[in-house]
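> I would like to see how this sequence folds:
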Amino acid sequence: MKISKDLIERYHRQECTEEEAEAVEAWLFSSDTDEALQLPLGMDKGEHKSAIWSEISKTLPNETESVAQKSSAFISPFWSGAVAASLIAGIIGLAGYQFMNSPKAPVRQFVMVNNTSSINVRPVESSGYNISIGTNTSARIDNLTGVVDLTGSMLICPKKDIELSFEGSSEKMMFKGGQTYIILKGKDGKDKVIIVSEKNIMDLPPVIQKQIINEFNI
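From the prediction side, this is the model:
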């Protein structure tokens with residue numbers, strides 16, 4: 001196809017057919033100058049080609065600027081998201097570190113309660129169990145050895161399975177977590193310890209049943 005001045009002008013005005021536009025672009029990008037070209041009289045072929053290319057190149061986007069803008073558009077959200085994620089991860093890590101290394105409240109070795117009231121029981125909460133100390137009762141629990149020294153009555157509800165033994169006896173008894181037990185022991189050191197699950201109170205003699213029900217409001 002002949003590359004004429006008219007064809008090039010129509011190319012500038014974007015009036016060429018697809019075939020004509022391809023022919024002009026092939027001519028512009030080609031280093032072969034032997035292709036037939038209709039030039040105005042007195043105009044050098046190379047000079048004319050350079051002038052046309054110069055005009056076209058003005059309409060093309062700056063490649064460096066375009067790449068930079070695209071990179072910036074891509075990188076900015078990425079890095080802003082990465083920074084936010086890093087900050088969140090850092091905060092979580094710091095909180096976890098502080099939680100793992102924060103000093104924990106020491107477990108009390110002894111729980112000692114002396115309830116001198118003849119009317120009200122005294123509730124006590126510990127890390128391993130909840131207890132209610134009956135009226136006119138003194139209790140001492142060694143959390144390390146599991147030994148209980150009791151005079152009077154006590155209601156205990158372990159938070160998990162624990163083994164307890166009672167002063168004057170080496171025999172241990174398992175108390176199931178989540179269950180409630182009533183423990184009775186008279187003031188005489190020779191009295192035996194009575195231990196009964198709350199659900200089995202009715203198996204006790206009526207006098208003891210009434211005492212427990214009234215005292216702990218069961």
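> following the worst-scoring helix or strand of the chain on mean pLDDT, which helix or strand comes up?
Within the chain, confidence by mean pLDDT, DSSP states H and E is lowest for helix 63-101 among all helices and strands, at a mean of 52. Using DSSP states H and E, the next helix or strand after helix 63-101 towards the C-terminus is strand 110-115.
> which of the residues in that following strand are buried?
Neighbour-count burial for strand 110-115, counted by 16 or more other Cβ atoms under 10 Å, picks out 111, 113, 115. For every residue, glycine as well, the C-beta is placed using N, CA and C.
> isn't the last one right up against residue 133?
Yes: in terms of Cβ atoms under 8 Å, residue 115 counts as a neighbour of residue 133; the distance is 4.4 Å.
> what is in contact with those two at once?
Applying Cβ atoms under 8 Å, 6 or more residues apart in numbering, one finds that residue 115 and residue 133 are jointly contacted by 121-122, 152.
> Among those residues, which one lies nearest to residue 25?
Within those, the smallest distance to residue 25 is 97.8 Å, found for residue 122 (Cβ to Cβ).
> residue contacts, that closest one?
For residue 122, the contacting residues are 113, 115, 132-133, taking Cβ under 8 Å, 6+ apart as the criterion.
> Who does it form a beta bridge with?
residue 133 (DSSP bridges).
> Could you check how far it is from residue 132?
Here the criterion is Cβ to Cβ, to the nearest Å. By it, residue 122 lies 7 Å from residue 132.
> Please, where are all the strands along the protein?
110-115, 122-125, 129-133, 137-142, 147-158, 162-166, 172-175, 181-185, 194-197 (DSSP state E).
> any chance of the buried residues of strand 110-115 in CSV, plus pLDDT and distance to residue 173?
Shown next, in CSV, are the buried residues of strand 110-115 (pLDDT from 0 to 100; distance: Cβ to Cβ, whole Å):
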residue, pLDDT, distance to residue 173
111, 86, 18
113, 89, 20
115, 91, 23
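> out of those, which one sits closest to residue 181?
The closest of these to residue 181 turns out to be residue 111 (Cβ to Cβ; 15.8 Å).
> Name the nearest residue to that closest one, sequence neighbours excluded.
residue 141 (4.4 Å; Cβ to Cβ, 6 or more residues apart in numbering).
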